[in-house]
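J.: have a look; sequence and predicted model below, questions after that.
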Amino acid sequence: MAMIEFKNVDKYYGKYHALTDINLQVQQGEVVVVIGPSGSGKSTLIRTINGLEEIESGQLIVNGMDLADKKADLNELRKNVGMVFQHFNLYANKTVIENIMLAPRLVLKRDEAENKKIALRLLDTVGLAEKADAYPKQLSGGQKQRVAIARSLAMKPKVLLFDEPTSALDPEMIDDVLNVMKSIAKQGDMTLVVVTHEMGFAREVADRVIFFDQGQVVEDDPAEEFFKQPKEERARQFLSKIITHK
Amino acid sequence: MALLEQAYSFVNMRFLFEGLAVTLEVSVISIIFSFIFGLIFGVIRYIEVPYFSAVVGFIIDIIRNLPLLLIIFFTYFAIPELGIRMTPMSASIVALVVFESMMLAEVVRSGIQAVDSGQMEGARANGLTYFQAMRYIILPQALTKMIPPLVSQFISLIKDTSLATIIVLPELLYHAQIVYSQNTTYMLPMYVMIALMYFVVCYILSLAARYLERRLG
Ligand SMILES: Nc1ncnc2c1ncn2[C@@H]1O[C@H](COP(=O)(O)OP(=O)(O)OP(=O)(O)O)[C@@H](O)[C@H]1O
Ligand SMILES: [Mg+2]
């Protein structure tokens, strides 16, 4: 069974039709990159996967749970589905290490010593061991984003969602974050859905690329095929635009 | 000079300090309760429970737009008509808590609203329940932001205790009046002294707030 499955999903903001008849499957361990113009609904799409946005019709099954069901236990879902945001959303009133340890403590009831050990190890893997006791406002954007990734990983999620994780960063910070993401992708056990326009990242680790426009999946290809030549004209134009911009 | 010495005699000063003690007692109790209720009502206003929050909002608006003196009269003279006995002390506390908690509810609501909405999203996406996110992330940040308006509301409350003179609560202003009613030449010295007392208490509170804000901010 697929880890994430959209079946005829529609989503409205009031009268605005934000997602139109989405059909999509993501298998366990797959790395899927979503690209598309601004306002096309990429954030909306990815935010439905952890229930931050409700859907109006269709079925959306994530880790075996149907999110169209109003009684779906979103807290349970989010134990298994992490998310990394464009603007980090670190807890401003907590130190770095507390940012990482809070949810495992409260939600997973993880033993305190164990929790700390895991948090420190994660901080080390994102290269920020010395920042454990800093507050978020004392970090650069790239450092914040790496802490945010560590915070998500501490929950040991099966699925990790990224919504433009590098687009609020200064150029020289982007690689640090992408390298962390690449190493997660290469471990291969986690399912990743990544909204990004970093095509270097997509080429290196994506299994599939989805081109999204006007609330619809316009193209859904294996990454290799996509980069050789997108089938759709709109996707081709978009791809050439973001590549020449780099 | 002789006048001042007589006005500020040991006995008179002791009497004023007894009044100050009552003022502080009523203030502290009222601050504690109005803070608790203000927090509860402010959160209810913020989370917008259908119907319920609207009703609460309506009540808050009514009370905020009534004169505090009217509320004091109401609790002291009208509630006993319903068979509940009220001393000046309990009537003052009830009136102050009712009024100030409604003022504080608005402070609390706008404080919560001022917290970046990304904080709640980050917390929920991280697996925290709504309640946990409020308790550990949103409210602590909101409270830090709220310190200045909260404290200025607390200072108003302390000053407003003097309204309870009118229902013969033996607080600071009332005691000053008793002293100068025996000798009207004491009127000016008494006013100066109690002004100083109110000032010192309120000023210490605002210094404490500034210190707290710097430590938490
Ligand atoms: N909460 C909301 N209420 C109303 N409309 C919304 C809301 N969120 C998004 N929209 C609208 O839905 C559309 C899709 O928004 P979305 O944020 O998903 O796009 P996006 O592809 O992520 O864009 P970007 O690349 O700029 O982040 C936009 O037209 C946006 O204005
Ligand atoms: Mg977006």
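T.: Sure thing, it's come through. Note that this is a predicted model, so its numbers are computed, not measured. Numbers count the residues shown, from 1 in each chain, chains lettered A, B, ... in the order given. Ligands and ions are numbered 1, 2, ... in the order given.
J.: what's the mean pLDDT across the one helix or strand residue B:199 maps to?
T.: Per DSSP states H and E: residue B:199 is located in helix B:187-216. Here helix B:187-216 scores 92 as its mean pLDDT.
J.: got it, and stretch B:63-74?
T.: pLDDT averaged over stretch B:63-74 gives 94.
J.: show me the contacts for the residue most central in space within chain B.
T.: Nearest residue to the geometric centre of chain B (Cα atoms, centre = their mean): residue B:157, 3.4 Å. For residue B:157, the contacting residues are B:27, B:30-31, B:34, B:96, B:100, by Cβ atoms under 8 Å, 6 or more residues apart in numbering or on different chains. The C-beta positions use only the backbone N, C-alpha and C, and glycine is treated the same way.
J.: neighbour count for those - can I get that in CSV?
T.: CSV is the format used below for the contacts of residue B:157 (neighbours: other Cβ atoms under 10 Å in any protein chain shown):
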residue, neighbour count
B:27, 24
B:30, 25
B:31, 21
B:34, 25
B:96, 27
B:100, 24
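J.: closest one to residue A:96 out of the residues you listed, please.
T.: residue B:31 (35.4 Å; Cβ to Cβ).
J.: out of everything not next to it in sequence, what's closest to that closest one?
T.: Among residues not flanking residue B:31 along the chain, residue B:154 sits closest, at 5.3 Å (Cβ to Cβ, 6 or more residues apart in numbering or on different chains).
J.: still on that earlier bit, the residue nearest to the centre of chain B: which element?
T.: Going by DSSP H and E, residue B:157 is part of helix B:139-160.
J.: and the next helix-or-strand element following that helix, which residues are buried?
T.: Sequence order places helix B:172-182 as the next helix or strand after helix B:139-160, per DSSP H and E. Across helix B:172-182, burial judged by 16 or more other Cβ atoms under 10 Å in any protein chain shown covers B:172-176, B:179-180.
J.: before we move on, what about stretch B:9-17?
T.: Neighbour-count burial for stretch B:9-17 [16+ other Cβ under 10 Å]: B:12, B:15-16.
J.: could you do stretch A:33-50 as well?
T.: Here stretch A:33-50 shows A:33-36, A:40-50 as buried, counting by 16+ other Cβ under 10 Å.
J.: so which of those residues sit within strands?
T.: Here DSSP state E is the test, and the buried residues of stretch A:33-50 give A:33-35 as lying in strands.
J.: which secondary element of chain A has the worst mean pLDDT?
T.: helix A:233-245 (a mean of 83; mean pLDDT, DSSP states H and E).
J.: if we can go back for a sec, tell me if the helix holding residue B:199 is near chain A.
T.: No: for helix B:187-216, no contact with chain A is found by Cβ under 8 Å from any Cβ of the partner chain; the gap never falls below 8.6 Å.
J.: distance from the chain centre to stretch A:151-163, please.
T.: Chain-centre distance of stretch A:151-163: 8 Å, with Cα atoms, centre = their mean, to the nearest Å.
J.: re the thing from before, any idea which of the ones in strands among the buried residues of stretch A:33-50 is closest to residue A:194?
T.: Scanning these for proximity to residue A:194, where the rule is Cβ to Cβ, the winner is residue A:33, at 5.1 Å.
J.: for the longest helix along chain A, name the packing helices and strands.
T.: If you go by DSSP state H, chain A has its longest helix at helix A:171-187. With contacts taken as 3 or more Cβ pairs under 8 Å, 6 or more residues apart in numbering or on different chains; DSSP states H and E, helix A:171-187 sits against helix A:141-154, strand A:191-195, helix A:199-205.
J.: can I get the ones you listed in JSON lines including mean pLDDT and distance to residue A:86?
T.: Converted to JSON lines, those look like this (pLDDT from 0 to 100; distance: least, Cβ to Cβ, whole Å):
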{"stretch": "helix A:141-154", "mean pLDDT": "96", "distance to residue A:86": "9"}
{"stretch": "strand A:191-195", "mean pLDDT": "97", "distance to residue A:86": "9"}
{"stretch": "helix A:199-205", "mean pLDDT": "92", "distance to residue A:86": "15"}
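J.: those: which one's closest to chain B?
T.: helix A:141-154 (6.5 Å; Cβ to the nearest Cβ).
J.: is chain B within reach of the closest one?
T.: Yes: Helix A:141-154 lies within reach of chain B by Cβ under 8 Å from any Cβ, at A:148, A:151-152.
J.: what helices or strands is the helix or strand just after that helix leaning on?
T.: Counting by DSSP H and E, the element after helix A:141-154 in chain order, helix or strand, is strand A:159-163. Judged by 3+ Cβ pairs under 8 Å, 6+ apart, strand A:159-163 is in contact with helix A:42-49, strand A:81-84, strand A:191-195.
J.: quick check: mean pLDDT across strand A:159-163?
T.: So the average pLDDT for strand A:159-163 ends up being 97.
J.: angle of it against strand A:191-195?
T.: Relative orientation of strand A:159-163 and strand A:191-195, computed by axes from the mean of the first three to the mean of the last three Cα atoms, to 10 degrees: 10 degrees.
J.: residues of chain A that sit close to ligand 1?
T.: With Cβ under 6 Å from any ligand atom as the criterion, chain A comes near ligand 1 at residues A:13, A:16, A:18, A:36, A:38-44.
J.: can you redo these as CSV with pLDDT?
T.: Formatted as CSV, the residues of chain A next to ligand 1 follow (pLDDT from 0 to 100):
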residue, pLDDT
A:13, 95
A:16, 95
A:18, 95
A:36, 94
A:38, 93
A:39, 94
A:40, 95
A:41, 95
A:42, 96
A:43, 96
A:44, 97
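J.: would you turn those into a markdown table with distance to chain B?
T.: Shown next, in a markdown table, are these (distance: Cβ to the nearest Cβ, whole Å):
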| residue | distance to chain B |
| --- | --- |
| A:13 | 16 |
| A:16 | 20 |
| A:18 | 17 |
| A:36 | 21 |
| A:38 | 19 |
| A:39 | 19 |
| A:40 | 21 |
| A:41 | 18 |
| A:42 | 16 |
| A:43 | 11 |
| A:44 | 14 |
